[in-house]
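*Asks:* show me how the following folds:
(one chain, ligands or ions: 1)
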Amino acid sequence: MARRALELPLAADRDGAEPLTAQIAGQLRDAMADGRLATGERLPSTRTLAGLLGVSRTVVTAAYAQLFAEGWVEGRHGSGTFVAEGAPGRPAEPGEPEPVLPPRAARGTRDGLPELDGTSMIDLRPGIVWTEGIDRAAWRRAWRSAGTGVTGDLPDPRGRADLRAALTGYLRRSRGVHCSADQIVVTRGVAGSLGLLASLLRPGDQVGVEEPGYPAARAVFAAHGLRVVPCPVDSGGLRVDALPEGLRLVYATPAHQYPLGARLSVPRRRALTAWARDSGALIAEDDYDGEFRYDVAPLPALFGMDPEVVVYLGTTTKILTPALRVGWLATSPGLAARLAAAGSMLGDWASGPAQGALLSMIATGALERHIRRMRHDYARRRAAMTAAFRGGDAGRLLGDEAGMHMILETRQPAAEVAAAAAERGVAVATLDQKRPGPGLRRRRARRRGPWLRDPRRAPDQPLISPRQGSFVVAGANAHTRMWSLA
Ligand SMILES: Cc1ncc(COP(=O)(O)O)c(C=O)c1O
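*Replies:* Residues are numbered from 1 along each chain as shown. Coordinates of the predicted model:
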C-alpha cells in the first residue's frame, strides 16, 4: 500500500523561493534520508500527490523524475514508484562496506554529445550504460581477487595469458569468434585497439570510417595523423559498393551500425571481406554492443568469415562499465604480436588489476550472468521505447533489433524534436551531433572536395543527405525506465 500522502509532511508553497518541483523533491529526499520513507515503500501516485498538494501532475512527475535520476526512487513496471534499495545518503548498515561500483552513468563527452544543462531529468542520450544492474557482490569478489597480490611487474603487453585464454572461451560462446589466445591482445577498449592499429600506419594513410559513424574512431585516427575518409552508410549499413579507393583500413560496426543501427547483411559481409582481400586493406570490426540483440537470430561476428583481413574489436564498455577501460582485439597471430609490440613501445596497455577483475568475472561466470540479465533488462526498456512510439506521429523507429540505442527518423527537423523533448525534461541526441564538426568538414572539403560526395551519385549530390538531419538518437538505457513511471 502506498503511504497516504497526507501522512507525509509535504507542502507546496507557490510563493516560495524554490520552484515547486524542487520543493517537493527536496522534502521527499529528506524523508527518505532520515528514514520516514523506508526502502521499498511505495510513493503516492503522481495524480494523488498532485491532487493533495494542489499542484499540477507535471510538477510531481518532474519531482519524481529528479529523484529517479539521483537514484532515490525506482519505478516498477505498472505498479508505481518506490524508495530505491540503498538510496544515496542512507547510512550503510554497520559492517557493510560501500559498494565499489563506479558512478551510475558514463556522462563523458568523448563522443561529442553536449553536457546536460541540468534541467533534463530523463537522459535518453546514447552510450549510457545501466551500471546499477551489476551484481555488487560479484563485482566486489572480482576486485578482491584482483587485489590479492601486489606486483611491480608490468603486465604482458599482449594481456594476461590467463585472461586471453578466458577470452577465447567467452568470445566463442557469446559471439561465435573462434581464435586462440595468441590471436588476442588485451587493450584499453575499442579506442585503445584503434590507437594500436593506427600506430602501425603511416601519417597521411587513408582510413575509412562509416559516415555517419563513431566520432571517437575518427578522433583516434586523426590524432595519429591519418586521413579520415567518410564511407557512406544506408539503411543496410556500410555501403560496400561505394567504398572509396586507396584505403589502408576501414572501420565498421557490422552488428549494429553506429549510430543508424543497421545489421550488415550476409551478402554485404561477403562483399566487404572480398573487397579487403582485393584491395589489401584491413577491416576493423567494432563489435561494441554485439552481445545485445532482440527478436532476431544472432549473426556471428564478421571476423569468422576471414580472420586474415578482419581485426575484431570488443570492449567491456557496454557489457559492464565504460569505467573499466579494458577491451580486446582478435586478429592473426602475426598482427597480434605486432600490435602488442606497438602497445609495449607506447606504454599503452590495460591496467593489470583491471585485467584481473575481468578475468575473475569471466571465470566465475559472473560476466555472462550479468549480460544475460542486462539483455533481458534492455529488452524491457526497448519495449517501453517502441511502445511509446508505436503508431505515434513522431516518426519511424530504426535500429531497434540490437544494441542499446535506437533512432527515430522524425518528420520535423531533429533539432526541433530534441528541443521539444528537452522542454519536457527528456534529453536525446540528434544525428548532427555525431558528425564531424563544420570545421573538419570545411577543412576536408577544401583539401578533397569529393570526400563529401558519393562518387556513384550525381556529382552535385552530397553524400550526407539533408534527410539525415532529421534523426534523433535515443538510448534504451538507464533512464528508459522513466517511461513506465506512474
Ligand atoms: C560505436 C562504439 N564503439 C565503441 C564504444 C566503446 O569504446 P571503448 O571501448 O573505447 O570505451 C562505444 C561506446 O559508446 C561506441 O558507441
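*Asks:* nearest residue to Thr430 other than its sequence neighbours?
*Replies:* Of all residues not flanking Thr430 in the chain, Ala414 sits nearest, at 4.0 Å (Cβ to Cβ, 6 or more residues apart in numbering). No exception for glycine: its C-beta is placed from N, CA and C like everyone else's.
*Asks:* kindly apply the preceding question to Asp205 instead.
*Replies:* Computed as Cβ to Cβ, 6+ apart, the closest residue to Asp205 that is not its neighbour in sequence is Arg248, at 4.6 Å.
*Asks:* residues contacting that neighbour?
*Replies:* By Cβ atoms under 8 Å, 6 or more residues apart in numbering, the contact list for Arg248 reads 201, 205-207, 281-282.
*Asks:* for the chain, what lies in contact range of the ligand?
*Replies:* Residues of the chain lying close to the ligand by Cβ under 6 Å from any ligand atom are 127, 189-191, 214, 253, 258, 286, 288, 315, 317, 322, 327.
*Asks:* in strands, which of these appear?
*Replies:* 286, 315, 327 (DSSP state E).
*Asks:* what residues are up against the second one?
*Replies:* Looking back up the chat, that one is Thr315. Residues in contact with Thr315, defined by Cβ under 8 Å, 6+ apart, are 189-190, 288, 326-328.
*Asks:* looking at those residues, point me to the pair that's furthest apart.
*Replies:* Using Cβ to Cβ, those span at most 13.4 Å, a distance reached by Tyr288 and Val326.
*Asks:* ok, back up a step: and the least confident of the contacts of Thr315?
*Replies:* The lowest pLDDT within those belongs to Tyr288, which sits at 94.
*Asks:* next, that one: phi, psi?
*Replies:* phi -60, psi -30 (degrees, to the nearest 10).
*Asks:* pull the contacting residues for it.
*Replies:* Counted by Cβ under 8 Å, 6+ apart, Tyr288 has contacts 190, 253, 256, 258, 313-315, 317-318.
*Asks:* let's see it at 6 Å
*Replies:* 190, 315, 318 (Cβ atoms under 6 Å, 6 or more residues apart in numbering).
*Asks:* so the last one sits against Asp289, correct?
*Replies:* Okay, so that is Lys318. Yes. Counting by Cβ atoms under 6 Å, Asp289 is a contact partner of Lys318 at 4.4 Å.
*Asks:* now tabulate the contacts of Thr315 in a markdown table and tack on distance to Leu53.
*Replies:* Shown next, in a markdown table, are these (distance: Cβ to Cβ, whole Å):
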| residue | distance to Leu53 |
| --- | --- |
| Gly189 | 47 |
| Val190 | 48 |
| Tyr288 | 45 |
| Val326 | 48 |
| Gly327 | 49 |
| Trp328 | 53 |
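*Asks:* which of the contacts of Arg248 lies closest to the ligand?
*Replies:* Within those, the smallest distance to the ligand is 15.3 Å, found for Val207 (Cβ to the nearest ligand atom).
*Asks:* contacts for the helix or strand harbouring that closest one, please.
*Replies:* Per DSSP states H and E: Val207 is located in strand 206-211. Identification of contacts with strand 206-211 by Cβ under 6 Å, 6+ apart yields 217-218, 221, 226-231, 233, 238, 246-247, 249-252.
*Asks:* ok, and the closest non-adjacent residue to Leu226?
*Replies:* Of all residues not flanking Leu226 in the chain, Val207 sits nearest, at 4.9 Å (Cβ to Cβ, 6+ apart).
*Asks:* against Val185, how distant is the one you found?
*Replies:* Noted for Val207: a distance of 19 Å to Val185, by Cβ to Cβ, to the nearest Å.
*Asks:* now do Arg239
*Replies:* Remark: distance between Arg239 and Val185 (Cβ to Cβ) = 30 Å.
*Asks:* more crowded one of those two?
*Replies:* For Arg239 versus Val185, the count of surrounding residues by other Cβ atoms under 10 Å is larger for Val185: 30 against 18.
*Asks:* tell me the secondary structure at that one.
*Replies:* strand (DSSP: H, G, I helix; E, B strand; the rest coil).
*Asks:* I'd say it and Leu329 touch.
*Replies:* Yes. Under the criterion of Cβ under 6 Å, Val185 makes contact with Leu329 at 5.2 Å.
*Asks:* for Ala11, which three-state class applies?
*Replies:* Once three-state DSSP is applied, Ala11 turns out coil.
*Asks:* got the contact list for the residue nearest to the spatial centre of the chain?
*Replies:* Nearest residue to the geometric centre of the chain (Cα atoms, centre = their mean): Gly127, 2.8 Å. Residues near Gly127 by Cβ under 6 Å, 6+ apart: none.
*Asks:* got the contact list for whatever residue of the chain ends up closest to the ligand?
*Replies:* Proximity of the chain to the ligand (Cβ to the nearest ligand atom) peaks at Gly189, 2.6 Å away. When contacts are counted by Cβ under 6 Å, 6+ apart, Gly189 touches 315, 317, 325, 327.
*Asks:* and the second one, its phi and psi?
*Replies:* The phi and psi values for Thr317, taken as degrees, to the nearest 10, are phi -60, psi -50.
*Asks:* any idea how many residues pack against it?
*Replies:* Using other Cβ under 10 Å, Thr317 is surrounded by 21 other residues.
*Asks:* next one: the one 5 residues further on
*Replies:* In terms of burial, Pro322 registers 20 neighbours under the definition other Cβ under 10 Å.
*Asks:* most surrounded residue in the contacts of Arg248?
*Replies:* Taking other Cβ under 10 Å as the neighbour criterion, Val207 ranks highest of these with 27 neighbours.
*Asks:* got phi/psi on Ser344?
*Replies:* The phi and psi values for Ser344, taken as degrees, to the nearest 10, are phi -60, psi -40.
*Asks:* that one contacts Asp156, doesn't it?
*Replies:* No. The pair Ser344 / Asp156 is not scored as a contact, 9.0 Å apart, by Cβ under 6 Å.
*Asks:* any regions of this protein where pLDDT drops low?
*Replies:* Scanning the chain for pLDDT under 70 picks out 1-7, 69-71, 76-78, 86-121, 391-392, 432-471, 473-486.
*Asks:* convert the top helix by length along it to CSV, retaining C-alpha atoms only.
*Replies:* Counting by DSSP state H, the longest helix found in the chain is helix 366-389. What follows is helix 366-389, C-alpha atoms only, in CSV (Å, rounded to 0.1, in the frame of the first residue of the first chain):
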residue,chain,number,x,y,z
ALA,A,366,29.5,-13.5,-13.3
LEU,A,367,30.1,-11.7,-16.6
GLU,A,368,27.8,-13.9,-18.7
ARG,A,369,25.2,-13.9,-16.0
HIS,A,370,25.3,-10.2,-15.9
ILE,A,371,25.0,-10.0,-19.7
ARG,A,372,22.0,-12.3,-19.7
ARG,A,373,20.3,-10.2,-17.1
MET,A,374,21.1,-7.0,-18.9
ARG,A,375,19.9,-8.4,-22.2
HIS,A,376,16.6,-9.1,-20.6
ASP,A,377,16.5,-5.7,-18.9
TYR,A,378,17.4,-3.7,-22.0
ALA,A,379,14.8,-5.7,-23.9
ARG,A,380,12.2,-4.4,-21.5
ARG,A,381,13.5,-0.9,-21.8
ARG,A,382,13.5,-1.2,-25.6
ALA,A,383,9.9,-2.5,-25.5
ALA,A,384,8.9,0.6,-23.4
MET,A,385,10.5,2.8,-26.0
THR,A,386,9.0,1.1,-29.0
ALA,A,387,5.6,1.0,-27.3
ALA,A,388,5.9,4.8,-26.6
PHE,A,389,6.4,5.5,-30.3
